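Student: Pasting the sequence and the predicted coordinates here, then a few questions.
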Amino acid sequence: MRDLRDVTVPEAVLVAITIAVAGAILFGAATSATAFGAFNYGWDGTADLRTVAGETTDSAVLENASAYDRLAGNGTLAVVLGPSEPYTPAELERIETFLRGGGTLLVGGDFGAGANELLAGIDATARIDGRLLRDERNYGRSPAFPLATNVNGTVGVDELALNYPSAVVTPNGTNATVMASTSPYAYADENRNGELDDAESMRAYPILTRESVGNGTVLTLSDPSVFINSMLDRGDNRAFAQTLFGDAQRVRFDYTHSGGIPPLVRLLKLIRSGPLTQFLFGTLLVGGIVVMARYGRAIRNRFSRRAPAAEDVALTEAEIVDLVSKQHPDWDHDRVTRIATQLATRRSGDRDTSSDDS
């Protein structure tokens, strides 16, 4: 076995870089950088929200929209935050079937079209109007972070801390109920100049609505940022999430159209999906270990470009004389012979010591 003291600085640097790259690849394969992503641990992810759901009730992440076919409607809350890709007609039909079975769907969006397309596809009446709301009197970090001070029917929640929110709009005569709204001092910043202009008026804007669709319920939220990691502990956002999840027997996060699931997480879910996949993976793992144990040295020797170590190369004293003479042609023969004899004696002693240690 090679002594660690024989490792050169370039080799050590190469090993360190390899470990760092491998770690980065594994981290990238197990996490997501998608906004509102359940496996995004950054400021704009919802990994903490997934933890809150797991601590409150039975929770899981849907891998694809076909999973709605296996969801029991009654007692199940499905959460869709910031969808960036449209649902197909077949997928919308699956969600409508889930709602007809008594399920609850929370759709959160702000300025993209994905949330409204989903709401229209399932025949909900609420829409997100896409205008930026500000409040010069009731806010957190700045007027662009207004507070929803009117929260109905949620025990322990007095206000929601918002982050560049929009508003929910509903047609007159619908059954939609406003569950949370801004203070009366909020306004829609139509031209986004950060000021209340003459053409803009202050009033309370709906942030969260609730309506019946079929036998189910649709909740429309115009600021999914209340659930991101950096906002969850502002205002009463965490308590709101806990109450929302606590009212359900099951919570399912649908990220099938907003970034999906990281590949390593998907692989782990596949392995855990049943005894057959666990057996196959275990067989491959054991087989790989056996192959490396049996043929590992041969494989390393086959592809290694490292020059043989000095102790692995046996040179006679005459060969050493010839080598030293070529490297130092200006030395006389006696000097070359004396040095060659010393080198041969030293190498012979090193081999003997190595044999005794083994």
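Tutor: Received the coordinates, thanks. Numbers count the residues shown, from 1 in each chain.
Student: so how far does stretch 203-218 reach from one end to the other?
Tutor: Its first and final residues considered, stretch 203-218 spans 25 Å by C-alpha to C-alpha, to the nearest Å.
Student: Flag every buried residue along whichever strand or helix holds residue 325.
Tutor: Using DSSP states H and E, residue 325 sits in helix 317-327. Residues 320, 321, 324 are the ones in helix 317-327 that count as buried (16 or more other C-beta atoms under 10 Å). The C-beta positions use only the backbone N, C-alpha and C, and glycine is treated the same way.
Student: from the middle of its chain, how far away would it be?
Tutor: Its chain's C-alpha centre and that of helix 317-327 lie 62 Å apart, by C-alpha atoms, centre = their mean, to the nearest Å.
Student: Contacts for that helix next, please.
Tutor: With contact meaning C-beta atoms under 8 Å, 6 or more residues apart in numbering, helix 317-327 is reached by 315, 331, 336, 337, 339, 340, 341, 343, 344.
Student: still on that earlier bit, which among the buried residues of helix 317-327 gets closest to residue 91?
Tutor: Using C-beta to C-beta, residue 320 is the member of these that sits closest to residue 91, with 77.2 Å.
Student: pull the CA atoms of the helix or strand hosting residue 78 into PDB?
Tutor: In this structure, residue 78 is located in strand 76-81 according to DSSP H and E. C-alpha atoms of strand 76-81 as PDB (Å, rounded to 0.1, in the frame of the first residue of the first chain):
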ATOM      1  CA  THR A  76     -56.500  15.700   1.100                       C
ATOM      2  CA  LEU A  77     -54.900  19.100   0.400                       C
ATOM      3  CA  ALA A  78     -52.900  19.400  -2.800                       C
ATOM      4  CA  VAL A  79     -50.600  22.400  -3.100                       C
ATOM      5  CA  VAL A  80     -49.500  24.000  -6.300                       C
ATOM      6  CA  LEU A  81     -47.100  26.900  -6.000                       C
END
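Student: just checking, what packs against that strand?
Tutor: For strand 76-81, the packing partners by 3 or more C-beta pairs under 8 Å, 6 or more residues apart in numbering; DSSP states H and E come out as helix 89-100, strand 104-108, strand 250-254.
Student: which of the contacts of helix 317-327 has the most neighbours?
Tutor: Among those, the one with the most neighbours (other C-beta atoms under 10 Å) is residue 340, at 21 neighbours.
Student: Can you name the residues that contact residue 119?
Tutor: The contact partners of residue 119, taken as C-beta under 8 Å, 6+ apart, are 107, 126, 127, 128, 218, 220.
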